[in-house]
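# pasted the sequence and its predicted model underneath.
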Amino acid sequence: AQSVTQLGSHVSVSEGALVLLRCNYSSSVPPYLFWYVQYPNQGLQLLLKYTSAATLVKGINGFEAEFKKSETSFHLTKPSAHMSDAAEYFCAVSDSSASKIIFGSGTRLSIRP
Amino acid sequence: DTEVTQTPKHLVMGMTNKKSLKCEQHMGHRAMYWYKQKAKKPPELMFVYSYEKLSINESVPSRFSPECPNSSLLNLHLHALQPEDSALYLCASSQDRALGQGSSYEQYFGPGTRLTVT
């Protein structure tokens, strides 16, 4: 069975600092991995996805994530945090035989002025 | 256009009411989904439609009844709900996801309907 674990339910960083949100996955087959962002009272927006084409994936709003098979990780980073990045972030996993996406528990990102 | 629309944005209903949530997409996607999301939790999958046929029902109570009139529309009919059903209901769509066949297409989400059951 597939699963994802997001380490840290809440991460707080200063504006301009590095953002690092951690995600580890478990999958018996090559996974497809996603990061979604959810702003308050809104739906989920796809930030980026990994589908085996490249291990370093660039997404919207300056975010990127690196797939590391040896560490079963897909951490999300952004070099410099903006106040507008404050939101809930979900890591998710799927595979070529599944018809659904499994979401992690989410990480709330807060930005300090 | 990667937009999924949902109506209404907010809904308050009593436990004896019947109401419907609506979802629409014009991206040519053939898979559509309903999720329920409680505060501070990830979305929970409720139903999946693939090519307008119900392909997954995650053991959802019968007071929730999905309907897919055509490839662009998805409804969720609500009847005799309980206060614990209050949540954000999200619709999503993706390219075809026939069961047992390949491709992990990303899902595009609508803004949701905030449902309160009184």
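All right, it came through fine.

# got a pLDDT number for A:Ala53?
A:Ala53 carries a pLDDT value of 74.

# swap in the one 5 residues further on?
The model reports A:Lys58 with a pLDDT of 95.

# got the contact list for it?
A:48, A:64 (C-beta atoms under 8 Å, 6 or more residues apart in numbering or on different chains). In short, each C-beta sits where N, CA and C put it, glycine included.

# if I look at it, how far off is chain B?
Per C-beta to the nearest C-beta, to the nearest Å, A:Lys58 is found 15 Å from chain B.

# equivalent analysis for A:Trp35, please.
On the measure of C-beta to the nearest C-beta, A:Trp35 and chain B end up 10 Å apart.

# OK, contacts around B:Lys9?
By C-beta under 8 Å, 6+ apart, the neighbours of B:Lys9 are B:111-114.

# one more pass at 7 Å, please.
Contacts for B:Lys9 (C-beta atoms under 7 Å, 6 or more residues apart in numbering or on different chains) come out as B:113-114.

# for A:Asn41, phi and psi?
Per-residue torsions, A:Asn41: phi 60, psi 30 (degrees, to the nearest 10).

# got it, and A:Val57?
phi -110, psi 130.

# that one against A:Ala65, yeah?
Yes - using C-beta atoms under 7 Å, A:Val57 makes contact with A:Ala65 at a distance of 5.2 Å.

# who touches both of these two?
In contact with both A:Val57 and A:Ala65: A:48, A:50, using C-beta under 7 Å, 6+ apart.

# so B:Gln6, which state does it fall into?
Classification of B:Gln6 using DSSP: H, G, I helix; E, B strand; the rest coil returns strand.

# show me what it bridges to in the sheet.
Here B:Gln6 sits in beta bridges with B:Cys23, going by DSSP bridges.

# what mean pLDDT does the helix or strand harbouring A:Tyr32 have?
Here A:Tyr32, judged by DSSP states H and E, is contained in strand A:31-38. Strand A:31-38 shows a mean pLDDT of 93.

# perfect, that will be all.
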